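Peer 1: Provided below are the primary sequence and the corresponding predicted coordinates.
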Amino acid sequence: MNLSSLGFTRPELVGLVLLVPVLLVLMLLADVARRRASRAFGGNAALSARSSTRIWIRSGLLLLGLASLVIALAGPYVDLRQRGARRLGVDIVLAVDVSQSMATQDVAPDRLRAARHVAQEIGIRMVGSRISLVLFKGAGTLRYPATTDPKILGEVLDNSGKGAPKVEGSSLAAAFEQSLAAFPTDADPRRGRAIVIVSDGEITLGTVPDTAQLLNMRIGFYTIGVGTPSGGQVPTYSDKDGSFTGYLRGPDGRAVISKLDEANLQQLATAAGGRYWRFAGDDSVIGQLGSELHGLEAVEPIENAGSVPDEKSQIFIALAVGAILIERLLSDRRRMPAPKVARVSRPRRGRRILGIAFGSALLWAAACGGAVPSAAQANGMFSRGDYQAALAAYRDLQKSAPEAPELSINAGNSLHMLGDYSRALPDYAKAIDATDFHLRAIAQYDRGNTLFRLGRLEDARDAYRETLRLDPSDRDAKFNLELVQTLLDGRRPSQLRGQPTNAPGESNSPGGTGATGATGANASASPDAGQPPGTPTGEQGDPTSDRTNPGQTPPDLKSALSSFRNGLTLDDALRVLDALQGQQRGVAQLIEGPRPADRQNPGY
């Protein structure tokens, strides 16, 4: 490469390079102003969040990208490329079998439409070549002489096999003879020539053609088999309206099965020095055929055709893109020292939540990647109070890991926070079936919280009992169980059912430790006798079937909670304080009333 001969195909754009020094001056002025502002506000402070070195590195990359882009637009070149030749193209004869067996549907949608696709793709890939179309069954017919318009090829074959010729049989010999006669007589002898036969290979008429003669004629010969070796029945259609009438049957009354005969097609291609492919919808076959046909193209030299610049714009475009990407990825802030703090132990409930979140992230990372939000992003949406978006993210994660109990718990928690309690229950029910006892305990605990919000205190009590059976050390579940039992002891039996759902804006249920929530049927409860599977227990009067305004709190539950808060004895107060000291975070909901929604954190 001789740099002394550097030139530009669009020299009028080279003047844009003057933008680089202009921007450099503006960057210097901005740096001076930034330093003055820093001294005015921070004095002589030793620590600064922004690094001057990083700022100038980013500025330099930006200027480099701009200069490279301007040079690329100007079209730089250092050499001239001679115009010395042009490609002559290939004369191709495409012979397509249109016999009755081509209506068989062992290749989607059927063999004839698959052959139509092959014909169109060959025409598109062989731009500059001329293609003749021959249709054959018992005899061959030149349907279209040499043309460079690939659309015509598809239009001729644009049918689904309906109205296929009633004359049974196919002759490859007739196709071969007609293809030889279809080549243009006025063609340049330097142009390459090729015959492509698209058929199911069944020969029921005539003999096997002698294709070896094509070797001396310097004509390429290729065959494409359409169909499957197992074959299929041959459909028949009405002559009047083209409607389906049944399947072709032989003299013995049995259905005729048409199979792909690869042996015949392979034999013909091998004898002529060509190749055979089976087409079953894979366009890579057409790509391989196109490569073979392009290899037959001749190149015509052109004298005194002049020269053209050999542009090297791609080098500067790549440099510009790389510099701009690095500039965007590089931060101008230095690593700041962080104060050391003493390590403190977290509450046990918090440790359980962290483990589930980490498990969900690992599960999602193993399942797939890229287009769907991660578990960490979904948890972040929940932390910000965007429960609807968090629910949608968890649902997307469940598409890749539908059996993950962690995701079911997270989705149920989101539904709970949206006030859709009944729909949260089926998600908890999925997690209850988990093999991990730890996850089952969490799911039962959150299910008990949601049942409490629905006013189903007996079911909530059973859920807390199951939590303690799985995890006897769960102090939250123990406290909630005692509290719900206290409420039950103060209520009449008629008040235990028929509660409307809670208000969406209220926080989680007693002892709630994280994000839980939703409306839906209780999938974990067993149906009563005579009820269909999936019907919640106690459907008559069940709060999930009493679809009243979800913005109202159950009156008897509300009064019971109020009595509990206002009527605490000294012993009860001491037990509550002891529970609070033990990080029983859900107790505040029952003692102090509903908490603001922004204090809820994602549970898992």
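Peer 2: All right, it came through fine. Given the structure is predicted, the values throughout are model-derived calculations rather than measurements. Residues are numbered from 1 along each chain as shown.

Peer 1: Wait, Leu418 touches Tyr387, no?
Peer 2: Yes - taking contacts as CB atoms under 8 Å, Leu418 lies within contact range of Tyr387: 5.0 Å. (Glycine included, C-beta is placed from N, CA and C.)

Peer 1: What is the neighbour count of the closest residue in space to Ala194 that isn't next to it in sequence?
Peer 2: Using CB to CB, 6 or more residues apart in numbering and skipping the chain neighbours, the partner closest in space to Ala194 is Gly220 (3.7 Å). By the criterion of other CB atoms under 10 Å, Gly220 has 21 neighbours.

Peer 1: quick one, what contacts Gly220?
Peer 2: Contacts for Gly220 (CB atoms under 8 Å, 6 or more residues apart in numbering) come out as Gly192, Arg193, Ala194, Ile195, Leu214, Ala272, Gly273, Gly274, Glu292, Leu293, Leu296.

Peer 1: Direction included, what does the helix or strand hosting it pair against?
Peer 2: Using DSSP states H and E, Gly220 falls within strand 219-226. Using DSSP bridges, the strands paired with strand 219-226 are strand 192-199 (parallel), strand 275-279 (parallel).

Peer 1: Pick the most deeply packed of the ones you listed.
Peer 2: Per residue and on average, the most neighbours among those fall to strand 192-199, with a mean of 25 (mean count of other CB atoms under 10 Å).

Peer 1: on that earlier part again, closest to Ala33 out of the strands paired with strand 219-226?
Peer 2: Ala33 sits nearest to strand 275-279 of all the strands paired with strand 219-226, at 68.5 Å, using CB to CB.

Peer 1: Can you point out the buried residues in the very next helix or strand once past the closest one?
Peer 2: Per DSSP H and E, strand 275-279 leads on to helix 284-294 as the next helix or strand towards the C-terminus. By 16 or more other CB atoms under 10 Å, the buried positions in helix 284-294 come out as Val285, Ile286, Leu289, Gly290, Leu293.

Peer 1: go on, stretch 181-188?
Peer 2: Ala182, Phe183.

Peer 1: Give me the contact list for it.
Peer 2: In contact with stretch 181-188 (CB under 8 Å, 6+ apart) are residues Leu88, Asp91, Val93, Arg130, Ser132, Val134, Leu142, Pro145, Ala146, Arg193.

Peer 1: what do you get for stretch 314-329?
Peer 2: Stretch 314-329 is contacted from outside by Arg58, Leu61, Leu62, Leu64, Gly65, Leu66, Ser68, Leu69, Ile71, Ala72, Pro76, using CB under 8 Å, 6+ apart.

Peer 1: tell me which residues of the helix or strand that contains the first one are tucked away?
Peer 2: Same thing as Arg58. When elements are assigned from DSSP H and E, Arg58 belongs to helix 52-74. For helix 52-74, the neighbour count (16+ other CB under 10 Å) marks 55, 58-59, 61-74 as buried.

Peer 1: Could I get the contacting residues of Lys259?
Peer 2: Lys259 neighbours (CB under 8 Å, 6+ apart): Asp200, Glu202, Gly227, Thr228, Pro229, Ser230, Gly231.

Peer 1: 6 Å - rerun?
Peer 2: Pro229, Gly231 (CB atoms under 6 Å, 6 or more residues apart in numbering).

Peer 1: Could you measure from it over to Pro229?
Peer 2: Using CB to CB, to the nearest Å, one gets 6 Å for the distance from Lys259 to Pro229.

Peer 1: Which of Leu418 and Tyr387 has more residues huddled nearby?
Peer 2: Between Leu418 and Tyr387, counting by other CB under 10 Å, Tyr387 is the more crowded of the two (25 against 20).

Peer 1: ok, and what's touching stretch 190-202?
Peer 2: Contact with stretch 190-202 is made by 88, 90-97, 101, 111, 115, 118, 170, 175, 179, 219-227, 260-261, 264-265, 293, 296-298, as judged by CB under 6 Å, 6+ apart.

Peer 1: Show the low-confidence segments of the stretch 401-550 of the chain, by residue range.
Peer 2: 491-550 (pLDDT under 70).
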